[in-house]
Structures are given as C-alpha cells and as structure tokens.
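> okay, predicted coordinates and the sequence, questions at the end:
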Amino acid sequence: MGRPAPGRFVTLEGSEGSGKTTAARHLAEWLRSRGHTVVLTHEPGGTPLGEEIRRIVLHMRGMSDDLDPRADALLYAAGRAQHVARVIRPALDRGDWVVCARFVDSSLAYQGAGYGNDMTELRRLQEFATGGRWPDLTLLLDLPVELGLERTRRRTEWNRFEDTEAVVFFQHVRAAYLQLAADEPARFALIDAAGAVGDTDEAIRAAVRERLGA
C-alpha cells in the first residue's frame with residue numbers, strides 16, 4: 001500500500017468572543033460525518049507543554065505587567081513548535097484532517113499588532129516554530145470588537161485575558177487580522193461571526209467545500 005494522501009490543515013482565527021472554539025468543534029463534527037478522520041485541537045495549548053505555557057502566561061498577565069513582549073512571543077512559539085511536532089504534523093502525515101482553534105495568525109495579530117513586536121521578526125519565528133507548515137485554509141471569524149467583548153463577559157471564568165487589556169488593544173488585533181486576510185486571500189476565508197451560531201457554521205462549511213472540496 002502507498003502512503004496515505006496528505007491531510008488538510010484548517011485553522012480558525014478571530015478576536016475575543018468570535019466563537020472559534022464552538023465553530024471548530026462543529027466543523028470537526030461535520031467533517032467526521034462526511035467520512036474524514038479529524039484531529040480537533042487548539043492553541044495556546046494542544047500539548048502538556050503548551051497548556052503549561054498558557055498557564056504561565058495568563059498568570060503573569062493577571063498578576064503583573066512584567067511580561068516582556070518578546071518573551072511572550074517566544075513562549076507561545078515554543079508551545080507551537082511542540083504542538084506541530086507532536087500533534088499536527090503526525091496527524092497530517094497519517095492523512096487526517098486537523099482543525100485547530102488559533103495558530104500562527106494569532107501570534108501575528110496579538111504579539112505583533114497588539115504588543116508591538118516586529119511583524120517580520122514574528123513571521124520568521126513562526127516559520128521556525130512550525131517547520132514551515134502553515135494552514136491550508138484559515139477561517140477568520142470576524143465581528144465588531146464591542147460585541148465580542150460583550151459575549152466573553154457573559155462567561156464566568158475568573159481572570160480572563162480580555163479583562164487585562166483595553167478595548168483599543170482588541171481593535172488593533174481585529175485590524176491586523178483583517179489586513180492578514182487581505183494580504184493572503186488564497187489562504188483566508190472571511191466569515192461573519194456577528195450572527196447566530198448556525199449561520200456561522202453554514203458559512204464555514206461553504207468555505208471548506210469551496211476551498212478544500214470537503
């Protein structure tokens with residue numbers, strides 16, 4: 001028997017409250033219903049190392065201002081390198097689909113536009129961390145910043161990240177995401193995430209059918 005066909009790698013991006021986690025889960029369920037083997041994962045996290053890095057970063061942000069932007073970017077890149085090596089690349093090599101909530105574009109938007117790291121340096125860092133494995137399709141779930149923050153504040157999780165940053169931070173993040181999508185239209189599909197969950201899911205499925213033939 002020959003090697004399995006390469007898997008497809010789909011990421012979901014967007015600022016706070018855009019529904020990435022729910023949309024990723026629904027997309028994975030839909031792909032499985034169509035006969036695909038799917039690995040559903042997320043960042044920050046996805047591996048024990050990644051989860052520990054996420055815990056450290058959130059703790060530092062919640063307790064002090066003393067997390068240097070370069071250190072922040074490097075910590076997340078370390079977690080991403082482990083995630084690609086231990087979860088994403090092996091799944092793709094098996095011929096599985098990988099659906100991941102957040103990936104490289106989160107670092108470009110948050111660590112770049114949000115925290116002021118140089119975009120060129122950040123891209124080189126992501127290339128190194130991923131071994132050059134970028135998504136086949138990135139679904140950008142977009143909605144107004146104020147609506148997204150309103151959604152997140154309905155949740156009851158103590159010390160949430162969005163409570164540590166001003167609204168202008170998330171406005172910069174959203175603008176960066178939209179610019180990334182404009183710069184790479186072949187990889188990105190822009191999804192309106194301001195409406196009902198079902199409408200978002202249907203737009204995502206249409207984009208995946210059109211771009212990847214699922």
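Received it, and whenever you're ready, just let me know what you need.

> only C-alpha atoms from now on, for both contacts and neighbour counts.
Noted.

> give the contact list for the residue nearest the centre of the chain.
Nearest to the mean C-alpha position of the chain, counting by C-alpha atoms, centre = their mean, stands residue 102 at 1.0 Å. Shown in contact with residue 102 (C-alpha atoms under 8 Å, 6 or more residues apart in numbering): 11-14, 20, 42-44.

> turn the residues you listed into CSV, including pLDDT and neighbour count.
Shown next, in CSV, are the contacts of residue 102 (pLDDT from 0 to 100; neighbours: other C-alpha atoms under 10 Å):
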residue, pLDDT, neighbour count
11, 98, 24
12, 98, 29
13, 98, 27
14, 97, 26
20, 97, 23
42, 98, 19
43, 97, 19
44, 94, 25
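
> between these, which is closest to residue 34?
Nearest to residue 34 among these is residue 11, at 18.6 Å by C-alpha to C-alpha.

> ok, residue 214 touching residue 204?
No: between residue 214 and residue 204 there is no contact under C-alpha atoms under 8 Å: 11.3 Å.

> the two: which has the busier surroundings?
Higher neighbour count among residue 214 and residue 204: residue 204, with 25 against 15, using other C-alpha atoms under 10 Å.

> tell me the confidence at that one?
At residue 204, the model reports a pLDDT of 98.

> which SS state does it fall under?
helix (DSSP: H, G, I helix; E, B strand; the rest coil).

> return the distance of stretch 69-80 from the chain's centre.
Taking C-alpha atoms, centre = their mean, to the nearest Å, one finds the center of stretch 69-80 at 15 Å from the center of the full chain.

> can you mark which positions in that stretch are buried?
Buried residues in stretch 69-80, counted by 16 or more other C-alpha atoms under 10 Å: 72-80.

> okay, and which of those residues map to helices?
Residues of the buried residues of stretch 69-80 located in helices (DSSP state H): 72-80.

> quick one, helices of this structure?
Counting by DSSP H, the helices of the chain are 20-33, 48-63, 69-83, 89-94, 104-106, 119-130, 145-152, 167-183, 197-212.

> between those, which gets the lowest average pLDDT?
helix 48-63 (a mean of 87).

> tilt between that one and helix 69-83?
Counting by axes from the mean of the first three to the mean of the last three C-alpha atoms, to 10 degrees, helix 48-63 lies at 160 degrees to helix 69-83.

> other SSEs contacting helix 48-63?
Counting contacts by 3 or more C-alpha pairs under 8 Å, 6 or more residues apart in numbering; DSSP states H and E, helix 48-63 packs against helix 69-83.

> give me the residues contacting the helix it packs on.
43-47, 49-50, 53-54, 57, 103, 107, 111, 115-117, 122, 125-126, 129-131.

> switch to 6 Å and redo it
The contact list for helix 69-83, computed with C-alpha atoms under 6 Å, 6 or more residues apart in numbering, reads 47, 50, 111, 115, 129-130.
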